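A.B. asks: structure of the sequence below:
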Amino acid sequence: MESSLVHGEGDLFGEPFRLTDDERRFLVALYRQDRAGRRVVQRALLGRAKGYGKTELLAAIALEQLCGPFAPPAPNIPVAAASFEQADLLFGTARVMVTEGPLRPYLEVFDTEILRRDGPGRMYRVAAAAGTNDGSRPTCFIADELHEWTGAKERVFLVISNSIAKRAHGLVLGISTAGADKDSLLGRMYDYGQQVNAGQVDDPAFLMDWAEADLALDPNAGQDVRAKMATQANPHAELFGTLPFIERRWHEIPEHEWLRYFANRWAAAPDDESWLPPGAWEACRGRVQFDAETPTFVGIDMALKHDTVAVVAAQERPDGRFAVSHRIWLPQGDTVDVAAVEAHLRDLHRRFNVVEFAYDPAYFERSAQALSDDGLVMVEFPQSSQRMVPACGTAYELVCAGQVVHDGDPVFSDQVQAAAPRMTGEGWRLSKGKAKRKIDAAIALVIALDRASRRESAPQGPAIYAGFS
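C.D. replies: Below you'll find the predicted structure:
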């Protein structure tokens, strides 16, 4: 890239292209190979705050895939964005990097495509707003600003991504800043990447490199804190001298917008105000270690399809606080892997002194019967307002008083804090709010804490310890 490309429009226009340390580190991970010399990563997501220079990096990668040392035979590379304007910006950047640099004699450049002169090879512009078909056979698909790929535009992304399977060693690369709605294409990719990075899912073919400000930092604490947040979310902020601009924007745009664009945090509009005060959940972060003998209470929030499933276990520690651990399953297509959920519950039953498993019978009745037959104590917990209103109040008091300890897992924390209060005739309870973000872990947490703190447990029989070691 550095020997063949120049910078596009901007302060460095026409100068030899130079990678930053952060870009170089990402490319090393993106292009890593196995022992047979095959590229390991087939799907990648890069997340950085506004002002990073993401579009120019995407253009450089696209050109490498077209005519660089790792370009496959007959490369076919759609470079895409949600809108015509953004697609033009991405493709236009690549066009300038060619026409003003050493590659000009080797490529033919047109308004919407770049062709190799020495044989088949094509890079072309795609706008999701225009729709697409699945007739092409792309080798590399590059998508910019994935947080804008919503609604029908998701279908365009899926169609082109699926077409990659027609070519050997294809690559799908997306780049974005954080969005406002986790129930989206980007949100699902982000949650999956968090699970891969945490070791909860084994998928070496998926790479997520996401920089965001520490959740424990509050931008209202002052300019130095905001500068630290901006640098965490954009390693180029100080290098490119944009910190004064970022600070100025703090005073010009709403807080949730600043958090999205410059701290790269998922942040919804104030209409979806969290049920917890700012900083309350982060203050409960700590070391979570379960004891095999301590009574354990498990809350289950089940779904059948198109939703996540969450299981939260709670134990009271000697200091009176409640340690909580979690497991969250993402939907596999349209369905949920019910067998995997049941296997996890049986594993908890074997490893710990689980007093009860509390569940809503609406979606879990058949599984509950099977688990009960295996010796697990299953307790119905219908999510009626009569039950959920006091349970939500209990969880709120425990979290705000610092009586809960969690490990800070990003997906767990996001679902807990995404829940919004909704008034009912009996009082307030948790809901998804207007942004419809996933809150299944918050519901499971409420159930587990309610049962653990009230200690209204089911009778403990010998079957509880079946298989326990």
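A.B. asks: just the buried positions in stretch 346-359, please.
C.D. replies: R346, L348, H349, F352, N353, V354, V355, E356, F357, A358, Y359 (16 or more other Cβ atoms under 10 Å). Backbone N, C-alpha and C define where each C-beta goes, glycine included.
A.B. asks: tell me the contacts of the residue nearest to the spatial centre of the chain?
C.D. replies: Closest to where the C-alpha atoms of the chain average out (Cα atoms, centre = their mean) is Y190, at 1.8 Å. Going by Cβ atoms under 8 Å, 6 or more residues apart in numbering, Y190 touches L45, G47, A178, K182, M208, W210, W266.
A.B. asks: next one: E108
C.D. replies: I114, L115, R116, R117.
A.B. asks: now, the residues you listed that are in strands?
C.D. replies: Mapping these onto strands (DSSP state E) picks out I114, L115, R116.
A.B. asks: quick check: the first one touching Y106?
C.D. replies: Put plainly, it is I114. No. I114 is beyond contact range of Y106, at 10.4 Å (criterion: Cβ atoms under 8 Å).
A.B. asks: who has more neighbours out of those two?
C.D. replies: I114 (25 against 12; other Cβ atoms under 10 Å).
A.B. asks: how many neighbours does G286 have?
C.D. replies: With other Cβ under 10 Å as criterion, G286 counts 14.
A.B. asks: quick check: closest non-adjacent residue to it.
C.D. replies: In space, and not counting its chain neighbours, G286 is closest to V405: 4.4 Å by Cβ to Cβ, 6 or more residues apart in numbering.
A.B. asks: C-terminal to the helix or strand encompassing L345, what's the next element?
C.D. replies: Assigned by DSSP states H and E, L345 falls within helix 338-351. Next helix or strand after helix 338-351 toward the C-terminus (DSSP H and E): strand 353-359.
A.B. asks: mind listing residues that contact that next one?
C.D. replies: So strand 353-359 is contacted by 292-300, 302, 313, 345, 348-349, 368, 371, 376-381, 447-448, 450-451, 457-458, 460, 464-465, 468 (Cβ under 8 Å, 6+ apart).
A.B. asks: among the residues you listed, name the ones in strands.
C.D. replies: P295, T296, F297, V298, G299, I300, A313, M378, V379, E380.
A.B. asks: same list (those) but as JSON lines, adding distance to L12, neighbour count and pLDDT.
C.D. replies: Formatted as JSON lines, the ones in strands among the contacts of strand 353-359 follow (distance: Cβ to Cβ, whole Å; neighbours: other Cβ atoms under 10 Å; pLDDT from 0 to 100):
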{"residue": "P295", "distance to L12": "63", "neighbour count": "18", "pLDDT": "96"}
{"residue": "T296", "distance to L12": "58", "neighbour count": "25", "pLDDT": "97"}
{"residue": "F297", "distance to L12": "59", "neighbour count": "27", "pLDDT": "97"}
{"residue": "V298", "distance to L12": "56", "neighbour count": "29", "pLDDT": "98"}
{"residue": "G299", "distance to L12": "54", "neighbour count": "29", "pLDDT": "97"}
{"residue": "I300", "distance to L12": "55", "neighbour count": "28", "pLDDT": "96"}
{"residue": "A313", "distance to L12": "53", "neighbour count": "24", "pLDDT": "98"}
{"residue": "M378", "distance to L12": "64", "neighbour count": "24", "pLDDT": "96"}
{"residue": "V379", "distance to L12": "64", "neighbour count": "17", "pLDDT": "95"}
{"residue": "E380", "distance to L12": "64", "neighbour count": "13", "pLDDT": "95"}
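A.B. asks: now do the same for A283: helix, strand or coil?
C.D. replies: Reducing the assignment at A283 to three states with DSSP: H, G, I helix; E, B strand; the rest coil gives helix.
A.B. asks: so what's it closest to, chain neighbours aside?
C.D. replies: G402 (6.0 Å).
A.B. asks: mind checking how far the one you found is from S453?
C.D. replies: Distance, G402 to S453, using Cβ to Cβ, to the nearest Å: 14 Å.
A.B. asks: try Q386
C.D. replies: For Q386 relative to S453 (Cβ to Cβ), the value is 18 Å.
A.B. asks: H406 against V399, yeah?
C.D. replies: No. If you go by Cβ under 8 Å, H406 and V399 don't touch, sitting 9.3 Å apart.
A.B. asks: only the C-alpha atoms, please, for stretch 12-25, written as PDB.
C.D. replies: Output of stretch 12-25 as PDB, limited to C-alpha atoms (Å, rounded to 0.1, in the frame of the first residue of the first chain):
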ATOM      1  CA  LEU A  12      -2.000  15.200   2.600                       C
ATOM      2  CA  PHE A  13      -3.400  15.100  -1.000                       C
ATOM      3  CA  GLY A  14      -1.000  13.400  -3.400                       C
ATOM      4  CA  GLU A  15       1.600  12.500  -0.800                       C
ATOM      5  CA  PRO A  16       2.800   8.900  -0.500                       C
ATOM      6  CA  PHE A  17       0.300   6.900   1.500                       C
ATOM      7  CA  ARG A  18       1.500   6.100   5.100                       C
ATOM      8  CA  LEU A  19      -0.100   3.800   7.500                       C
ATOM      9  CA  THR A  20      -0.400   4.800  11.200                       C
ATOM     10  CA  ASP A  21       0.600   2.300  13.900                       C
ATOM     11  CA  ASP A  22      -3.000   1.500  14.700                       C
ATOM     12  CA  GLU A  23      -3.800   0.900  11.000                       C
ATOM     13  CA  ARG A  24      -0.800  -1.300  10.700                       C
ATOM     14  CA  ARG A  25      -1.700  -3.400  13.700                       C
END
